[in-house]
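# Here's my sequence, what's the structure:
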Amino acid sequence: MTLSQHNPVVIVPGVLFWDALYEVMREALSEYMPKEKITIAPVSFLDWVGFPPSPERSTNRVMSAIDRSVALMRKRYPGEPVTIVAHSGGGTVAMIYLLEKTFQGDLYHPGEGVAKLVTLGTPFHTHEHYAKIKTDFILKHLDRDFFARKEVVSIVSDQYHGNLQGSIVEKMCFMFYKSVAEDGQVAGDGIVPAGSCYLEGARNVTIPHVEHLPTPHTRWYGTKEGVEQWIQWL
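Residues are numbered from 1 along each chain as shown. Down below sits the predicted model:
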């Protein structure tokens with residue numbers, strides 16, 4: 001499969017993950033489009049944590065990295081709208097960036113420079129404290145006019161079921177899911193319950209056989225096998 005339209009892509013790492021981990025996703029995507037049209041937002045572990053620790057400001061630091069990457073691709077490829085591909089909690093940061101509303105003192109205006117957002121295992125509904133700061137803001141400001149301007153695709157895997165009475169893996173999934181949603185006895189990608197990624201107004205897609213964490217020897221969203229399952233929505 002070759003993408004008919006090679007719009008520039010900016011990859012956004014997930015919470016507590018950093019840019020180098022996403023080179024595997026860049027390599028996988030380069031089988032479908034020119035590699036030079038794919039960049040990774042320069043996000044570090046420290047951007048998420050802060051020094052001294054200030055995780056409540058992580059969204060602002062990561063938005064700055066996204067904006068620099070979008071500006072770079074717009075300069076390289078004028079007239080070609082950028083597609084943002086964001087993993088996990090990076091997806092809610094990207095959404096806040098695209099809303100063009102002031103968040104904790106920062107405001108960006110990507111405008112028509114970004115036409116599409118693809119999120120991978122991004123929970124838009126959660127009761128985890130720092131994630132909820134973002135999701136509450138998004139749900140407050142998101143309206144149908146936004147989806148008329150931006151295409152949003154929320155992709156999540158339902159490979160693993162949580163079960164407190166099941167295997168060790170199922171018990172771990174149950175605990176992870178329950179930290180995000182009210183019920184841990186649901187399906188998800190091993191970390192995020194699939195239902196929490198549903199966003200009204202977006203194209204919501206559930207895929208099988210993909211894991212959440214970008215760790216070695218796993219089939220996560222950024223591997224060749226993972227990308228094969230969602231590339232059609234890029």
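# tell me which element the residue of the chain most remote from its centre falls in.
With distances taken as C-alpha atoms, centre = their mean, the residue sitting farthest from the centre of the chain turns out to be Q165, at 30.7 Å. Applying DSSP states H and E as the criterion places Q165 outside every helix and strand.
# What are the neighbouring residues in contact with G184?
162, 164, 173-178, 193 (C-beta atoms under 8 Å, 6 or more residues apart in numbering). Placement of C-beta: from N, CA and C, glycine included.
# cutoff 10 Å now
161-164, 170-178, 193 (C-beta atoms under 10 Å, 6 or more residues apart in numbering).
# swap in D158?
186-189, 193-195, 197, 206-210.
# Same question for L72.
L72 neighbours (C-beta under 10 Å, 6+ apart): 8, 10, 39, 41-42, 82.
# and what of R219?
Neighbours of R219 in contact, by C-beta under 10 Å, 6+ apart: 157, 159, 209-211, 225-226, 229.
# Spell out the residue ranges of the helices in this structure.
23-29, 45-49, 58-76, 90-99, 129-141, 144-149, 168-180, 224-230 (DSSP state H).
# Next, count neighbours for the closest residue to A65 other than its chain neighbours.
Nearest non-adjacent residue to A65, counting by C-beta to C-beta, 6 or more residues apart in numbering: A41, 4.5 Å away. A41 sits with 26 neighbouring residues when counted by other C-beta atoms under 10 Å.
# Next one: A41, what pLDDT does it get?
pLDDT for A41: 98.
# That one and M63, how far apart?
A41 sits 10 Å away from M63, going by C-beta to C-beta, to the nearest Å.
# And the pLDDT for H6?
H6 is assigned 81 on the pLDDT scale.
# any idea how far stretch 186-202 is from the chain center?
12 Å (C-alpha atoms, centre = their mean, to the nearest Å).
# what do you get for stretch 69-77?
The chain centre lies 20 Å from the centre of stretch 69-77; the measure is C-alpha atoms, centre = their mean.
# buried set for it?
Buried residues in stretch 69-77, counted by 16 or more other C-beta atoms under 10 Å: 69-70, 72-74.
# swap in stretch 31-42?
32-33, 37-42.
# got the CA positions of it in PDB?
The C-alpha trace of stretch 31-42 is given here as PDB (Å, rounded to 0.1, in the frame of the first residue of the first chain):
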ATOM      1  CA  GLU A  31       7.400   2.300   3.800                       C
ATOM      2  CA  TYR A  32       4.300   4.200   2.800                       C
ATOM      3  CA  MET A  33       5.700   7.700   2.300                       C
ATOM      4  CA  PRO A  34       9.000   9.600   1.900                       C
ATOM      5  CA  LYS A  35      10.900   9.400   5.200                       C
ATOM      6  CA  GLU A  36      12.000  13.100   5.000                       C
ATOM      7  CA  LYS A  37       8.300  14.100   5.300                       C
ATOM      8  CA  ILE A  38       8.100  12.400   8.700                       C
ATOM      9  CA  THR A  39       9.500  14.100  11.800                       C
ATOM     10  CA  ILE A  40       9.200  13.400  15.600                       C
ATOM     11  CA  ALA A  41       8.400  16.300  18.000                       C
ATOM     12  CA  PRO A  42      11.500  16.700  20.100                       C
END
